[in-house]
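[1] Sharing a model prediction with you, sequence too.
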Amino acid sequence: MAQKKRGNSPTTGSSADPGTPQLPDNRVHSPVLLSEVLKSLAPADGEVIVDGTFGAGGYTRAILDAANCKAFGIDRDPEAMARGAVLSTEYPDRLTLLQGPFSEMESLLDGVGVAKVAGVVLDLGVSSPQLDQAERGFSFRFDGPLDMRMSSAGQSAEDVVNAFGLDELTEIIRNFGEERHARRVAKAIVAARDEKPITRTLQLADLVSEAMPPIRYKKGQPVSRIHPATRTFQALRIFVNDEIGELRRGLLAAERLLGEGGRLVVVSFHSLEDREVKNFMKARSGFAPRPHRHSPAAEITGPAASFELLKRGVTKPTDEEAQTNPRARSARLRAARRTSAPVWNMEDAA
Ligand SMILES: C[S@@+](CC[C@H](N)C(=O)[O-])C[C@H]1O[C@@H](n2cnc3c(N)ncnc32)[C@H](O)[C@@H]1O
């Protein structure tokens, strides 16, 4: 299908450096915060490392190059797995690809006889190949079917916008898109679909843009630099793929799967995800989230810490990385090391 392109794709570059995975049709995916991920994950010879979001294989390749370890690449996108087959041939006996959601990493690994691992990395969200393929329906920059499913299973964004009630749509757009004008957008969706079903990405992007208040300017510059449909598209994608539920279950699975000393590294791209990761890591390393920024960190009395933080705050990209790879701008890395303490019960969880 011919792609109608609007603006630049956020994760693609015009030239590839040697560490940048080259996709079969010359699109490029630049792994975000790669050197920081490797530093925290610290793969060592003989270890087993899980890349729970294989994508274009950028992290996995770097992990396999950093040490003589074994890697398991998990992704719920069948296309990512198909592309990854090339990488498997480059690292015979060291790379195994497993298709499925990372929330099910324990059963996926159990299926290949692995019960404990030394590292788990998650690089959340969508990949460049997913965003750049109009037919996947993730982007408001290309005209494509309104799909947005990473795994091509379950309900699509088209199902949601055409079937959900006004209140449900408002809630999804407000909660997962943090869109101030959620009600307004939801009303526009309901009005438009009464005329004809909403089936295309640009159809949705245009109607959301029209529903928004006029763009405000300050000193000749628009106050917001993001496309008016950005938050609505983010909300639908998160909802359709149950991304927050996946993340919660994935963190719990990593806690059970990591052996003592094992590293958990998570790169997130928006505040909803980062909040989940921060709360999980801080609570399990013995610190409750601070109620106020000037209050001292409160030590939790309860189960022994199952993690220790590798760094108290987040790691952000350098200015240079943010400039060369715009997708990296909002990236936040958090990392923690598994202690010998037992896994927390759900009742203990923050
Ligand atoms: C940002 S990309 C990862 C890019 C990768 N780190 C690289 O360097 O090429 C995210 C990938 O994770 C996958 N993904 C997102 N959520 C997932 C989940 N819950 N389970 C499995 N895969 C998931 C997506 O399909 C996508 O391919």
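    Structure's in. What do you need?
[2] The stretch 51-200 of the chain: helices as residue ranges?
    Ranges of helices in the stretch 51-200 of the chain, per DSSP state H, counting those that start in this stretch, are 58-66, 78-90, 105-110, 128-132, 157-163, 166-177, 182-195.
[3] And the ones you listed, which one averages the lowest pLDDT?
    Here those differ in mean pLDDT, and the lowest is helix 128-132 at a mean of 91.
[4] Up against the ligand, what does the stretch 51-200 of the chain have?
    53, 55-59, 74-77, 80, 101-102, 123, 125-127, 150 (C-beta under 6 Å from any ligand atom). Every C-beta, even on glycine, is put in place using the N, C-alpha and C of the backbone.
[5] try it again with 8 Å
    Contact residues, the stretch 51-200 of the chain versus the ligand (C-beta under 8 Å from any ligand atom): 51-62, 74-77, 80, 100-103, 121-130, 150-151.
[6] which of those are buried?
    Neighbour-count burial (16 or more other C-beta atoms under 10 Å) applied to those gives 51-62, 74-77, 80, 100-103, 121-130, 150.
[7] Surely Met281 touches Leu310?
    No - using C-beta atoms under 8 Å, Met281 is not in contact with Leu310, being 9.2 Å away.
[8] Quickly list what's touching both of the two.
    Listed as contacting both Met281 and Leu310 by C-beta atoms under 8 Å, 6 or more residues apart in numbering are Ala336.
[9] List the residues that contact Leu97.
    Going by C-beta under 8 Å, 6+ apart, Leu97 touches Phe54, Phe72, Gly73, Ile74, Asp75, Met81, Gly84, Ala85, Ser88.
[10] So which of those is the closest to Asp159?
    Distance ranking of the contacts of Leu97 against Asp159, using C-beta to C-beta, places Asp75 first at 22.7 Å.
[11] Bridged to the closest one, which residues?
    Under the criterion DSSP bridges, Asp75 forms beta bridges with Gln99.
[12] Test my guess that it contacts Leu108.
    No - look at Asp75 against Leu108 with C-beta under 8 Å: they stay out of range, at 10.7 Å.
[13] Show me the domain layout of this structure.
    34-129+243-348, 152-240 (automatic domain parsing).
[14] How far away from the center of its chain is the shortest one?
    The gap between where domain 152-240 is centred and where its chain is centred comes out at 20 Å by C-alpha atoms, centre = their mean, to the nearest Å.
[15] That one: end-to-end distance?
    10 Å (C-alpha to C-alpha, to the nearest Å).
[16] One more: stretch 170-190?
    Note: stretch 170-190 ends 11 Å apart using C-alpha to C-alpha.
[17] quick one: contacts for the most centrally placed residue in the chain?
    Centroid-nearest residue in the chain, with C-alpha atoms, centre = their mean: Leu124, separated by 1.6 Å. Neighbouring residues of Leu124 by C-beta under 8 Å, 6+ apart: Thr53, Glu243, Leu247, Val266, Val267, Ser268, Phe269, Glu273.
[18] which one among the residues you listed gets closest to the ligand?
    Of all those, Thr53 has the smallest distance to the ligand: 3.1 Å, by C-beta to the nearest ligand atom.
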